[in-house]
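J.: here are the coordinates; sequence isn't available:
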């Protein structure tokens, strides 16, 4: 019984936490919606032929003057808000997840190696991490963006915006992974199973990835969740600052920036609906992150 | 102890040199400085002469050394865009950003630390759960959205506070300050709250986690077993021990304050360094970008040195070595 | 004075309540040292926590009476209970390293405690604090009181902890494993101090410990607990010398004696049918031991660690962990290595296994000279021939790996068995050989107890076909009855396969049971080496003598 409870404790906690269930639901629905956007969206925001200016500025269906076809209304171009959000979430998630993957591979690799080898290698990695910390996420991202503007010819800049943005976000997030992986590796290095593996003469690569890595996945998973939220926020912020994505390939951040024009006019939904959606998505991811943290570090519960 | 401080200073110098190197690389390799400085009408020979005069044909290491030397003397070069000395441009913007950042940091500490202590001591209370949920939402709202919401509510709907700019400022020496006029404070309030909210949630969660950890420690349980008064137990014993890790993170967070001040300044059109930096990116004004980097890194390093000193002040284990 | 009747402590869990303590009765008189003994999970610490009212949440006292003098401890308001703590009941914790607030001077902590419970002025409180420190044996107290905890050594810190606990003249002190973290010499001083305080100040002590020797040495009365219930209680000599309860008898049978060697501990044996299934593994091991038994000799071995840098110009002199150690372990014998913490025992093991690089000396396994630390190649044959059983069975097995993967790794890594199914079969057979069910192979480490894990760790070491086995404190994380099982197992295996073993332990009694020869290590130097029996009966070095004298044991007259 006790063993059973222990094994399925995570599941049990999940089933008994309404916040976690709702958060998971929001996150999963968003992921699905984003993944299948081309098939379920009413219009394609990239395809000018699929929407019409005549449908512009229609309010959501519960307000007067709405068209029941557009449940959450339309923007000034006549784009269906739901479609815009689905495609926006798609782009935001693609950027967020790719940036996260790059950051995770780079950060975990360096962190593991730093924790394993210690000494000079560790010192160098940590000093680089210090420099990266002195230049926080937004700054790094802005800087990379600025450099890209400086060295890339204007003609291909537009095409590379997504790549630049992804790289910028990835570079600003790797430190979290590296520091967490390093700290956890240090703890594991003192464990006797690692010493046993080293004593046997196993190759460092095997010790790091076969023995240590599975034991530090817990904290890394937490960082991964929290950083996915950061990546989405970062993308939105950069797009808001006008140096992220252009208006014709709208991510969630771009939608909000465009919506800002309507802050003072009556068409509030163009600003607040994407904003609300972004916040709901990030809150959900953060709730899941907190939930994972509780599971992996029950003492803080 | 002296060695500890010295070691940290050497590390700081390393960080500064790296950042200076970054700035230098930016200047040197992103675009050609000569084409930026001269117009189309300048002849190739003139460009070449200028290149020679500026030492751009010298060996790399030599150029970097000179670049660093100039920086130490306060010579930061000229902006490509405005042709003004970068030093002046940045210096005139420093007060706005520093005042914004410091006030935001103070807000985040004044609210974040007590909230963290409370939620740690009463982990199952209703208020605690409410605070925790609120802060979770708090970290999930992008800073710029918080800014927009505050503008919308207090600026547009209620009309209580100004929505952009610094309002009335007072000149003190060369320092243009918002802190000495009512008008200045009115203008400062919304941006500072916007900037402070995110740091506040981080501070609170960190204090809470550390405090809960400390409350479980043997020395707290021993103090409880000795009947040490609760107030002393919580504040003199527990909170003091919590502060050691907390101030480290606060030092690191200073970077975050600066970074998000870019966003805040953009939302509120606050004439600080961040706004200048954004403009310089838009116009690929490399010298300004580079110098901004160096200045930010300098503040960061400075704050973290202060944190190290605080460390030594708080923790006797760093001050007194001898075990007898 | 302290009376506990029908105590019931429950911890509400997700699925019903967990009963930690049930039907516990106990009385402690002023000046009495009452031992509370039992293995892990017996609930001894919970009794102490219930008395002082500091049960870890969500535990609570569900039933029973707790009275101190005329005060009903269960009927106090939180404020009153808080006043009783320190004033009338105090506590001493296990680890002096973590029991004191690192940021406050000893003086501040003492004065705060004294002033909380009395109306003394600041200077009176200081005087009292200094007197206390003098009394418990801290010299130059008026000056030392200004120091921070980290400026005291472990033993001195535990004295400070005791000073804090008695600074308010409590009637009862709950001492939860007060000497477990201390070395023998310091332990004996602290135990003397506790005895003196009980006698002079008539303080009652509840002495919670797992160490029967400690109880035998100082406790007037003893209560034996198991799984939250009292098994037996009475005068110490009576309970330990002529145990009535079956469990107490079993417990006493498991305790290794210091004054003689017993061949096997009388503990319930593993099922014979399981062991017989280990024939395959046994044959496989015997096949591999055709070549002669292998000894290990160390000559002039020294290990130095670089000293910490205190300034740019000054580096502390290197710390000498091992100093000119010469040791000859005969083929097929067990060499015991005893020493206190910091004596260099583990460093020696690490030097032999190549985890630490010596500064000088030679190490020879049979006639092969072992290269130093990092210069030993990953393919060096010694990496297979030397295996190790570690102290902590909770960290020595990778918790993310299946037992099968853990056990077959050496077979695969050293290239003994090419076929994967064959490897699994052999691993399962090896599990039988060490007294485990072979189906354990598909489970994960967390599904096993500490003792079972240690058996798995032994199986893993054997699957490398070692000729030389290092056991580094293999039983010090285990309960005494489990320790007896593991020691029996190691003896059996050694006899069967003629292994050469270096058996490292801080516990002299355990080493006496295991070792043919014994070496005593102190501050990196070998104090004495000799045949075990001779060394224990007629020690030559003063240090060995004092170690043997100070180790708490049961008086021989008690034994039946």
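T.: The structure has been received and is ready for your questions. Here the structure is a predicted model, which means the values were calculated and not measured.
J.: helix, strand or coil for residue C:335?
T.: strand (DSSP: H, G, I helix; E, B strand; the rest coil).
J.: how many other residues sit next to it?
T.: Neighbourhood size, residue C:335 [other CB atoms under 10 Å in any protein chain shown]: 25. (Each C-beta comes from the backbone N, C-alpha and C, glycine too.)
J.: so it bridges to which residues?
T.: Note on residue C:335: beta-bridge partners residue C:502, residue C:517, judged by DSSP bridges.
J.: surely it meets residue C:519?
T.: Yes: here residue C:335 lies in contact with residue C:519, judged by CB atoms under 8 Å, at a distance of 6.5 Å.
J.: overlap in contacts of those two?
T.: residue C:327 (CB atoms under 8 Å, 6 or more residues apart in numbering or on different chains).
J.: which secondary structure elements does the host helix or strand of residue B:255 contact?
T.: Element membership of residue B:255 [criterion: DSSP states H and E] is helix B:240-268. Packed against helix B:240-268 by the contact rule (3 or more CB pairs under 8 Å, 6 or more residues apart in numbering or on different chains; DSSP states H and E) you find helix A:119-134, helix A:137-151, helix B:86-121, helix B:143-150, helix B:182-215, helix B:273-282, helix B:286-314.
J.: what's the offset of that helix from the middle of its chain?
T.: 6 Å (CA atoms, centre = their mean, to the nearest Å).
J.: Next one: residue B:65, what pLDDT does it get?
T.: Listed pLDDT for residue B:65 reads 83.
J.: What residues sit buried inside the one helix or strand it maps to?
T.: Secondary structure from DSSP H and E places residue B:65 in helix B:60-72. Neighbour-count burial for helix B:60-72, counted by 16 or more other CB atoms under 10 Å in any protein chain shown, picks out B:63, B:64, B:67, B:68, B:71.
J.: Now render those residues as JSON lines, adding distance to chain C.
T.: As requested, the buried residues of helix B:60-72 are exported to JSON lines (distance: CB to the nearest CB, whole Å):
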{"residue": "B:63", "distance to chain C": "31"}
{"residue": "B:64", "distance to chain C": "26"}
{"residue": "B:67", "distance to chain C": "28"}
{"residue": "B:68", "distance to chain C": "23"}
{"residue": "B:71", "distance to chain C": "26"}
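J.: Where does residue C:475 sit: helix, strand or coil?
T.: coil.
J.: and it, how many residues sit next to it?
T.: 27.
J.: From what I see, it and residue C:488 are in contact.
T.: No: using CB under 8 Å, residue C:475 is not in contact with residue C:488, being 11.0 Å away.
J.: so where do the helices sit in the stretch 101-250 of chain A?
T.: A:119-134, A:137-151, A:154-189, A:192-200, A:204-206, A:213-240 (DSSP state H, counting those that start in this stretch).
J.: where does the stretch 151-300 of chain B dip in pLDDT?
T.: Counting by pLDDT under 70, the stretch 151-300 of chain B contains no low-confidence segment.
J.: So which bits of it are right by chain C?
T.: With CB under 8 Å from any CB of the partner chain as the criterion, the stretch 151-300 of chain B comes near chain C at residues B:217-219, B:221-230, B:232, B:236-237, B:240-241.
J.: Which PyMOL command selects the buried ones in the residues you listed?
T.: Applying 16+ other CB under 10 Å to those, the buried members can be selected in PyMOL as follows:
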select buried, chain B and resi 217+218+219+221+222+223+224+225+226+227+228+236+237+240+241
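J.: which residues does residue 175 contact?
T.: Just so you know, I chose chain A. Residue A:175 neighbours (CB under 8 Å, 6+ apart): A:107, A:129, A:132, A:133.
J.: sorry, should have said chain C
T.: Here residue C:175 is in contact with C:91, C:92, C:194, C:205, C:206, C:207, C:208 (CB under 8 Å, 6+ apart).
J.: Where does pLDDT dip in the stretch 251-400 of chain C?
T.: Checking the stretch 251-400 of chain C against pLDDT under 70 turns up C:269-276, C:289-292, C:309-313.
J.: all helices of it, in order?
T.: C:272-276, C:279-288, C:345-353, C:382-385.
J.: Chain B is nearest to which of those?
T.: Ranking the helices of the stretch 251-400 of chain C by proximity to chain B (CB to the nearest CB) places helix C:345-353 first, at 20.5 Å.
J.: now that closest one against helix A:192-200, angle please.
T.: 30 degrees (axes from the mean of the first three to the mean of the last three CA atoms, to 10 degrees).
J.: So what does residue 34 look like in phi/psi?
T.: Picking chain A for this. phi -70, psi -40 (degrees, to the nearest 10).
J.: Correction: the question concerned chain B.
T.: Dihedral angles for residue B:34 - degrees, to the nearest 10 - are phi -70, psi -50.
J.: which parts of chain C sit against chain A?
T.: C:14-15, C:353-355, C:377-380, C:383-384, C:386, C:388, C:390-392, C:395-401, C:409-410, C:413, C:446-447, C:460, C:464.
J.: Which of these fall within strands?
T.: C:386, C:388 (DSSP state E).
J.: The one helix or strand residue C:230 maps to packs against which elements?
T.: For residue C:230, the host element (DSSP H and E) is strand C:229-235. Contact partners of strand C:229-235 among helices and strands, from 3+ CB pairs under 8 Å, 6+ apart: strand C:17-28, strand C:221-226, helix C:246-254.
J.: among these, which is nearest chain B?
T.: Using CB to the nearest CB, the helices and strands packed on strand C:229-235 put strand C:17-28 closest to chain B, at 16.9 Å.
J.: What is the closest one packed up against?
T.: strand C:2-12, strand C:33-37, helix C:44-52, strand C:204-209, strand C:221-226, strand C:229-235.
J.: what's the fifth one in contact with?
T.: With contacts defined as CB under 8 Å, 6+ apart, strand C:221-226 is touched by C:24, C:26, C:28, C:32-39, C:42-44, C:47, C:215, C:230-236, C:239-240, C:245, C:247-248, C:251.
J.: Restricted to buried residues, select the residues you listed in PyMOL.
T.: The buried residues among the contacts of strand C:221-226 can be selected in PyMOL (16+ other CB under 10 Å) with this line:
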select buried, chain C and resi 24+26+28+32+33+34+35+36+37+38+39+42+43+44+47+215+230+231+232+233+234+236+239+240+247+248+251
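J.: Relative to chain C, how far out is residue A:159?
T.: 43 Å (CB to the nearest CB, to the nearest Å).
J.: Quick check, pLDDT for that residue.
T.: For residue A:159, pLDDT reads 72.
J.: do residue C:69 as well
T.: At residue C:69, pLDDT is 89.
J.: and what of the one 5 residues further on?
T.: pLDDT for residue C:74: 91.
J.: was I right about it contacting residue C:63?
T.: No: with contacts counted by CB under 8 Å, residue C:74 stays clear of residue C:63, the gap being 9.5 Å.
J.: Find me the pLDDT at residue 104, would you?
T.: All of this refers to chain A. Looking at residue A:104, the pLDDT reads 95.
J.: Wait, chain B was what I had in mind.
T.: 91.
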